[in-house]
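Visitor: this one's structure only:
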Ligand SMILES: C[S@@+](CC[C@H](N)C(=O)[O-])C[C@H]1O[C@@H](n2cnc3c(N)ncnc32)[C@H](O)[C@@H]1O
């Protein structure tokens with residue numbers, strides 16, 4: 001066959017894979033040059049080397065500062081306009097998962113680098129195995145070998161640290177799927193020496209490494225020059241496999257430098273893992289783990305499911321508090337969870353997420369997928385001190401009674417708090433699903449800044465201690481396992497709801513329960529009200545005024561830390577966080593910003609919590625009296641579902657939520673009189689008593705996609721004295737209490 005014909009065939013093959021002739025031709029030329037005009041390596045395995053090389057070129061950052069000597073270890077990023085963390089996972093004989101983020105992402109100027117759980121929209125789980133599907137496991141192994149023969153200038157200055165286990169030979173590859181998990185971060189400066197320095201380097205004995213690929217390319221192979229490549233391995237593995245030693249190494253140094261945790265723990269927990277840590281001249285670091293899985297039973301779980309299960313594991317095992325937390329263990333867990341979930345075909349894990357789904361159908365998924373619950377954090381600004389920066393206020397102190405956890409607060413301050421928010425995701429990745437912001441009427445692009453928090457913060461004065469010690473055994477279901485909802489007899493956690501769980505197996509609140517909660521709001525007079533003592537405060541004046549009464553509300557008790565069930569238990573809905581697709585939008589009625597659902601929601605669906613700072617009623621009063629005149633919108637909510645039930649209500653027990661400065665998406669939910677589509681339900685998670693609880697908002701009826709989500713604040717618009725709450729109601733409900741009031745006022749004026 002002539003060279004021309006061969007070239008035509010190669011370009012046709014690339015076209016089928018979606019690469020244009022224009023893109024493929026120069027790469028083909030270079031490869032021919034590289035292989036001394038030998039077509040064999042190019043034509044092998046359906047032109048795998050050519051496809052890989054095209055993708056390599058695509059991945060190369062553009063611009064003068066990214067010369068050809070800059071290494072780029074990950075392939076295409078689907079959406080460069082997304083914030084800096086994104087995930088790509090591929091199925092096929094070799095499965096790879098890559099997390100990358102940081103300053104090398106093109107639009108990262110306004111975003112601090114972070115590596116964290118992925119948002120739904122930034123997870124690209126490719127069902128398209130177009131290249132890979134044409135490759136057998138054995139051909140992957142061959143391709144690996146060939147790719148290793150290729151010299152990639154890009155990685156000439158990269159440093160690689162790896163556990164020198166032998167590459168699977170062809171037989172192995174035929175029998176096992178490799179699941180490879182990788183993380184790339186950009187912690188270093190971009191100088192080549194700076195990139196390599198923090199890692200313990202040793203004389204290289206092998207000059208290439210395997211780099212996982214992107215959605216179009218299950219595996220990408222890159223090489224480094226021998227002169228700058230290093231390999232290290234953990235002690236144990238060296239001892240066990242002396243024949244495989246390829247270099248001297250200093251595992252301790254590596255573990256310290258790469259912060260991957262204890263070697264012993266790592267090896268014990270991952271005896272069969274193949275790990276790779278690599279850094280490049282661009283300051284990128286990649287860590288990857290490969291583990292072997294029996295392909296006969298394995299089906300790729302969704303990446304979201306894997307991450308949620310891993311995070312749940314982290315919460316229980318490490319409580320997510322450094323320094324116990326180790327990335328090494330985390331990556332090990334990821335691999336194990338991939339294997340575990342991949343072999344569990346009864347669960348919904350195996351369903352691949354659709355990247356465009358962005359959380360849709362997640363109501364259904366929420367039962368199967370767990371999300372980590374972060375312990376509520378106690379922290380507050382110093383008494384008498386105004387807020388400094390919010391991050392500062394978070395790490396200021398621990399409280400007198402030991403409620404505050406400064407370590408966690410610092411952790412939060414560093415990784416979770418950002419004052420500004422973007423229109424692409426107001427939660428800045430805190431929530432599982434992206435929460436976009438739109439203003440269809442022009443004007444402000446974003447709501448005024450606040451600190452997005454997924455969980456409540458507890459002020460120093462508020463009595464909301466969250467500790468395992470406060471939970472008696474009788475408050476949890478220690479003997480349960482798995483999913484409490486599937487047990488023949490409801491466990492003790494259903495006691496609060498009359499011996500029947502509030503949730504259905506679909507993760508919805510039972511209709512009867514919802515209806516009861518709505519009725520309490522609709523007909524408050526018919527329901528028992530607490531009139532708390534001593535008198536409560538609405539303004540910062542002494543003495544406080546007589547209580548106006550608080551509705552007795554029905555609580556839900558969710559399973560928690562001292563329960564034996566797992567995170568996927570059906571009695572853990574609120575703690576798994578937002579599971580539906582929400583959007584903050586500018587309302588046209590003049591209510592300011594509002595919240596709407598992008599999906600149709602059934603009745604009883606959990607939408608979100610109302611998150612804020614847990615402050616005492618007195619503190620709130622002090623705050624509102626300072627701000628009331630200025631604030632256009634106010635964000636306080638009483639946690640009054642149990643006020644007065646135990647006789648005298650102490651100041652520190654009368655708690656409220658203030659979402660003015662710290663809050664979640666719940667702070668955008670506007671009020672609607674009587675026929676709102678959400679209802680608030682107090683939910684006990686970490687505490688057995690009713691003083692502190694989560695204020696969860698569930699749909700009280702079916703809600704259409706794009707409908708505004710509203711909630712009856714329970715405002716008495718006739719009460720002029722209720723500071724911080726009165727506004728001219730624009731809810732539009734035919735039952736509007738505020739409108740009636742305006743009408744009455746108008747009539748009075750006319751008279
Ligand atoms: C919790 S915030 C809701 C979000 C708020 N709209 C915003 O733009 O941030 C409550 C404030 O929104 C406004 N608001 C909520 N519901 C309203 C309604 N039905 N009519 C008029 N204003 C409303 C009031 O100013 C109220 O203090």
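Guide: Structure's in. What do you need? Remember, it's a predicted structure, so these values are computed and weren't measured experimentally.
Visitor: quick one: contacts for the residue in the stretch 301-450 of the chain that the ligand sits nearest to?
Guide: Residue of the stretch 301-450 of the chain nearest the ligand, by C-beta to the nearest ligand atom: residue 447 (5.7 Å). All C-beta atoms are positioned from the backbone trio N, CA, C, and that covers glycine. Applying C-beta atoms under 8 Å, 6 or more residues apart in numbering to residue 447 gives the contacts 421, 426, 437, 584, 592-593, 668.
Visitor: most neighbours among the residues you listed, which one?
Guide: Neighbour counts for those peak at residue 668, which has 28 neighbours (criterion: other C-beta atoms under 10 Å).
Visitor: state the helix or strand in which the residue nearest to that residue when sequence neighbours are not counted lies.
Guide: Counting by C-beta to C-beta, 6 or more residues apart in numbering, residue 595 is the residue found nearest to residue 668 once chain neighbours are left out, at 4.3 Å. Residue 595 belongs to strand 593-597 when assigned by DSSP states H and E.
Visitor: and residue 297, how many residues sit next to it?
Guide: Residues lying near residue 297 (other C-beta under 10 Å) number 11.
Visitor: how about the one 5 residues further on?
Guide: Around residue 302 there are 22 other residues, counting by other C-beta under 10 Å.
Visitor: kindly report the same for the one 3 residues further on.
Guide: Neighbours of residue 305 under the rule other C-beta under 10 Å: 26.
Visitor: could you do residue 643 as well?
Guide: 25.
Visitor: the residue of the stretch 301-450 of the chain closest to the ligand: what secondary structure?
Guide: Following DSSP: H, G, I helix; E, B strand; the rest coil, the label given to residue 447 is coil.
Visitor: and it, what's its pLDDT?
Guide: Looking at residue 447, its pLDDT reads 90.
Visitor: still on that earlier bit, can you narrow the contacts of residue 447 to ones near the ligand?
Guide: Restricting these to those within reach of the ligand (C-beta under 6 Å from any ligand atom) leaves 592-593, 668.
Visitor: what's the burial count for residue 505?
Guide: Residue 505 has 11 neighbouring residues, counting by other C-beta under 10 Å.
Visitor: for it, give me phi and psi.
Guide: Dihedral angles of residue 505 (phi, psi; degrees, to the nearest 10) stand at phi -60, psi -20.
Visitor: pretty sure it sits against residue 568.
Guide: No. Between residue 505 and residue 568 there is no contact under C-beta atoms under 8 Å: 11.6 Å.
Visitor: residues from the stretch 501-650 of the chain in reach of the ligand?
Guide: So far as C-beta under 6 Å from any ligand atom goes, the stretch 501-650 of the chain lies against the ligand at 591-594, 633-635.
Visitor: strand partners (parallel or antiparallel) of the strand holding residue 595?
Guide: Strand 593-597 sits in its sheet next to strand 582-586 (antiparallel), strand 708-711 (antiparallel), going by DSSP bridges.
Visitor: moving C-terminal from it, which element do we reach first?
Guide: Per DSSP H and E, the first helix or strand lying C-terminal to strand 593-597 is strand 606-609.
Visitor: contacting residues around that next one?
Guide: For strand 606-609, the surrounding residues in contact (C-beta under 8 Å, 6+ apart) are 366, 456, 507, 509, 573-574, 578-580, 582, 597, 601, 664-666, 669, 678, 694-699, 709.
Visitor: nearest spatial neighbour of the residue in the stretch 551-700 of the chain that the ligand sits nearest to, chain-adjacent residues omitted?
Guide: Ranked by C-beta to the nearest ligand atom, the top residue of the stretch 551-700 of the chain for proximity to the ligand is residue 592, at 2.7 Å. With sequence-adjacent residues excluded and distances taken as C-beta to C-beta, 6+ apart, residue 592 is closest to residue 633, at 5.4 Å.
Visitor: these two touch, right, residue 43 and residue 10?
Guide: Yes. Between residue 43 and residue 10 there is a contact under C-beta under 8 Å: 7.1 Å.
Visitor: can you show me the helices along the stretch 651-751 of the chain?
Guide: 737-750 (DSSP state H, counting those that start in this stretch).
Visitor: flag every residue of it that's near the ligand.
Guide: Selection of the stretch 651-751 of the chain residues close to the ligand by C-beta under 6 Å from any ligand atom yields 667-668, 670-671, 727, 729-731.
Visitor: if you set the cut-off to 8 Å instead, what comes out?
Guide: 659, 666-673, 710, 713, 724-725, 727-732, 738 (C-beta under 8 Å from any ligand atom).
Visitor: which of those residues are buried, as a ChimeraX select command?
Guide: Only the buried entries of those go into this ChimeraX selection, using 16 or more other C-beta atoms under 10 Å:
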select :659,666,667,668,669,670,671,672,673,710,713,724,725,727,729,730,731,738
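Visitor: ok so, going back, now the contacts of residue 447 in TSV, with pLDDT?
Guide: Formatted as TSV, the contacts of residue 447 follow (pLDDT from 0 to 100):
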residue	pLDDT
421	54
426	95
437	95
584	97
592	95
593	96
668	98
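Visitor: widest-spaced pair of those?
Guide: Using C-beta to C-beta, the contacts of residue 447 span at most 15.6 Å, a distance reached by 421 and 592.
Visitor: residue 43 and residue 10: who's more crowded?
Guide: Each of residue 43 and residue 10 has its neighbours counted (other C-beta under 10 Å); residue 10 has more, 22 against 17.
Visitor: the helix or strand hosting that one: which residues count as buried?
Guide: Element membership of residue 10 [criterion: DSSP H and E] is helix 3-16. For helix 3-16, the neighbour count (16+ other C-beta under 10 Å) marks 7, 10-11, 13-14 as buried.
Visitor: including pLDDT and distance to the ligand, could the residues you listed go into TSV?
Guide: Formatted as TSV, the buried residues of helix 3-16 follow (pLDDT from 0 to 100; distance: C-beta to the nearest ligand atom, whole Å):
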residue	pLDDT	distance to the ligand
7	92	61
10	90	58
11	92	56
13	85	55
14	86	52
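Visitor: pull out the buried members of the residues of the stretch 501-650 of the chain next to the ligand.
Guide: Buried positions within these, assessed by neighbour count (16+ other C-beta under 10 Å), are 591-594, 634-635.
Visitor: show me what the closest residue to residue 711 other than its chain neighbours bridges to in the sheet.
Guide: Leaving out its chain neighbours, the residue that sits closest to residue 711 by C-beta to C-beta, 6+ apart is residue 678, at 4.3 Å. The partner list for residue 678 in beta bridges (DSSP bridges) reads residue 699, residue 711.
Visitor: right, and residue 678 touches residue 709 too?
Guide: Yes. In this structure, residue 678 is within contact of residue 709 by C-beta under 8 Å, at 5.5 Å.
Visitor: list the residues that contact both of the two?
Guide: Listed as contacting both residue 678 and residue 709 by C-beta under 8 Å, 6+ apart are 607, 669, 697.
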